[in-house]
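**Student:** This is a predicted model, with the sequence first.
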Amino acid sequence: MRTQVAIIGSGPAGLLLGQLLDCYGIDNVILERKDREYILGRIRAGVLEQGTVGLLEEAGVAERLHRDGLVHDGVELCFGGSRYRIDMKAATGGKTMVVYGQTEVTRDLMDARLKVGRETIYDAGDVSLHDFGTDQPKVRYVKDGKTREVACDFIAGCDGFRGVSRLSVPTEAIRMFERIYPFGWLGILSDTPPVSPELIYTNHERGFALCSMRSATRSRYYVQCTNDDHVDNWSDDRFWDELRRRLDPKAAAGIVIGPSIEKSIAQLRSFVAEPMRFGRLFLAGDAAHIVPPTGAKGLNLAASDVRYLSHALREFYNERSHAGIDGYSSKALARVWKAERFSWWMTSMLHRFPDTDEFSARIQLAELNYLVSSQAATAAMSEQYVGLPY
Ligand code: RFL
Ligand code: PHB
């Protein structure tokens, strides 16, 4: 088989890239090691930046998002037993976010791909990347017991943190930067109305908590847990009790509890691989970088990488210019590092670290107090949370 761009991975990065390339008339094939239902069963991100929404509009997949997504103008911060609202719309001259699950974004992109008839090969085993140092790269995979090959002009490695693309690069050609945090997030999904119309990020001496949502009838809640914790240790009752203990009295009293329909633990990590281009292989999304979820940036960064990459490939095919693909890595990394910094900062300010002593706890509270009382600090946080310009 031959295509122009072979895309590895059918998460949001790969699917959005495929859809944008289709809009530009560029042929592409997606190779995915799992099946469609497995991918749609992963509960992940929930907050879309305005720029991400714009990109989904450009890709022609924003109809359901505009119908069912919840537009949010701000978030709440809870600390010292009280809650404070950050009006991000006011602080950014009118920018907002949309709460719409990654699962739904993925479903919309998969449906659109089916409609335009571009190929996705699910259950592709043993994917391997070849010759991306030449202008005739190839991807091989195993399907139904047979090894098959896709010849292409470019490979887009959109296969997430544990994918094969980054691992295919010679170690001397890549530099990696990493921080693993000494805690995780235990998250649950429940078919109960959200406690508050906006997200609540909480700093508490028992640990971080987050109240989020997927719709007016479905809530997503998280509490900080230790890295060696396990979901089996957390009955629903224990989760609801712990969440309530970390919230202000009004929110604690207002939580509507119900059975969890999903429960999982995510590890928190910051990670960046440099560069993001190796000859005719490009990395995009979690394959190149990971942020802790505290800043709600992971999916949005995947989208901004794909925006730069799709424009670069369009420039290559339409104008025979290498300028876009040559500039991709540095352009993407400049935005990535700002989001890395923001996510690290949010994480540091809101979590209990094993070495958080009384001094550091007071420093966190001082920072939060400053944040909610200074227009400049509110503006700085807001412009990053709603998404820096491309
Ligand atoms: P994905 O979604 O991991 O998709 C990669 C795909 O590649 C496939 N794959 C392979 N295919 C073929 N061959 C191989 N060898 C392969 N290896 C892997 C995988 O099966 C998969 O289908 O990466 P992508 O597309 O880069 O998307 C990134 C986002 O998924 C991620 O950044 C976000 O979910 C992060 N995130 C959040 N981001 C936000 O922007 N806002 C949020 O509110 C937010 N909340 C979160 C989050 C992530 C979380 N977890 C679970 C880590 C909340 C949580 C709890
Ligand atoms: C979510 O709704 O899953 C979510 C929201 C905000 C975050 C992280 C996760 O910062």
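**Tutor:** Nice, thanks for sending it over. Ligands and ions are numbered 1, 2, ... in the order given.
**Student:** CA atoms for contacts and neighbours, from now on please.
**Tutor:** OK.
**Student:** As a check, name the ranges of all helices in the stretch 101-250 of the chain.
**Tutor:** With DSSP state H, counting those that start in this stretch, the ranges of helices along the stretch 101-250 of the chain come out as 102-116, 236-246, 249-254.
**Student:** Figure out which of those is closest to Ser310.
**Tutor:** With CA to CA as the measure, helix 102-116 is the member of the helices of the stretch 101-250 of the chain nearest Ser310 (15.5 Å).
**Student:** Val116: neighbouring residues, count only.
**Tutor:** When neighbours are counted by other CA atoms under 10 Å, Val116 registers 11.
**Student:** rewinding a little: can you lay out the helices of the stretch 101-250 of the chain as a markdown table showing distance to ligand 2 and mean pLDDT?
**Tutor:** What follows is the helices of the stretch 101-250 of the chain, written out as a markdown table (distance: least, CA to the nearest ligand atom, whole Å; pLDDT from 0 to 100):
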| stretch | distance to ligand 2 | mean pLDDT |
| --- | --- | --- |
| helix 102-116 | 9 | 97 |
| helix 236-246 | 15 | 98 |
| helix 249-254 | 17 | 98 |
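**Student:** will you turn these into a markdown table that also has distance to ligand 1?
**Tutor:** As requested, these are exported to a markdown table (distance: least, CA to the nearest ligand atom, whole Å):
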| stretch | distance to ligand 1 |
| --- | --- |
| helix 102-116 | 7 |
| helix 236-246 | 16 |
| helix 249-254 | 21 |
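**Student:** Ok, which of those helices comes nearest His311?
**Tutor:** helix 102-116 (18.5 Å).
**Student:** and the closest one, what does it pack onto?
**Tutor:** helix 12-23, helix 36-40 (3 or more CA pairs under 8 Å, 6 or more residues apart in numbering; DSSP states H and E).
**Student:** okay if I get these as CSV plus distance to Thr103 and mean pLDDT?
**Tutor:** CSV is the format used below for the helices and strands packed on helix 102-116 (distance: least, CA to CA, whole Å; pLDDT from 0 to 100):
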stretch, distance to Thr103, mean pLDDT
helix 12-23, 9, 98
helix 36-40, 6, 93
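**Student:** and these, which is most packed in?
**Tutor:** Each of those was scored by mean neighbour count; the highest is helix 12-23, a mean of 25, by mean count of other CA atoms under 10 Å.
**Student:** Show me the contact partners of that one.
**Tutor:** 7-9, 27-30, 56, 58-59, 102, 105-106, 109-110, 112-113, 118, 156-159, 284-285, 299, 302-303, 306-307, 309-310, 314 (CA atoms under 8 Å, 6 or more residues apart in numbering).
**Student:** Is there proximity between that helix and ligand 1?
**Tutor:** Yes: judged by CA under 6 Å from any ligand atom, helix 12-23 comes into contact with ligand 1 through 12-14.
**Student:** count of neighbours near Asp68?
**Tutor:** Asp68, neighbours per other CA under 10 Å, totals 15.
**Student:** got it, and the one 4 residues further on?
**Tutor:** The number of residues packed near His72 is 20, by other CA under 10 Å.
**Student:** do you know how far the residue nearest to it when sequence neighbours are not counted is from Gly279?
**Tutor:** Spatial nearest neighbour of His72, excluding adjacent residues (CA to CA, 6 or more residues apart in numbering): Met97 at 5.2 Å. Per CA to CA, to the nearest Å, Met97 is found 36 Å from Gly279.
**Student:** who's more crowded, those two?
**Tutor:** Comparing Met97 with Gly279 by neighbour count (other CA under 10 Å), the higher total belongs to Met97, at 24 against 16.
**Student:** Surely that one is in contact with Thr52?
**Tutor:** No: Met97 is not in contact with Thr52 according to CA atoms under 8 Å; the separation is 9.3 Å.
**Student:** So what touches stretch 145-153?
**Tutor:** 1-6, 135-142, 280.
**Student:** In it, which residues are buried?
**Tutor:** 150-153 (16 or more other CA atoms under 10 Å).
**Student:** Okay, and which of the residues you listed map to strands?
**Tutor:** Secondary-structure check on the buried residues of stretch 145-153 using DSSP state E: residues within strands are 150-151.
**Student:** re the thing from before, relative to Glu383, which of the helices and strands packed on helix 102-116 is closest?
**Tutor:** Glu383 lies closest, by CA to CA, to one member of the helices and strands packed on helix 102-116: helix 12-23, at 23.1 Å.
**Student:** Beyond that closest one, next helix or strand please.
**Tutor:** Following helix 12-23 in sequence order, the next helix or strand is strand 28-31 (DSSP states H and E).
**Student:** Tell me which other helices or strands the helix or strand of the chain with the lowest mean pLDDT touches.
**Tutor:** Here the helix or strand of the chain ranked lowest by mean pLDDT, DSSP states H and E is helix 36-40, holding a mean of 93. For helix 36-40, the packing partners by 3+ CA pairs under 8 Å, 6+ apart come out as helix 102-116.
**Student:** Now the helix it packs on: buried residues?
**Tutor:** 102-110, 112-113.
**Student:** ok now the helix ranked longest in the chain, how far from the chain's centre?
**Tutor:** With secondary structure taken from DSSP state H, the chain has its longest helix at helix 323-350. Between the centre of helix 323-350 and the centre of its chain there are 13 Å (CA atoms, centre = their mean, to the nearest Å).
**Student:** So is that helix next to ligand 2?
**Tutor:** No: Helix 323-350 does not reach ligand 2 (CA under 6 Å from any ligand atom); its nearest approach is 8.9 Å.
**Student:** Would you format the helices and strands packed on helix 102-116 as a markdown table with distance to ligand 2 included?
**Tutor:** What follows is the helices and strands packed on helix 102-116, written out as a markdown table (distance: least, CA to the nearest ligand atom, whole Å):
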| stretch | distance to ligand 2 |
| --- | --- |
| helix 12-23 | 15 |
| helix 36-40 | 15 |
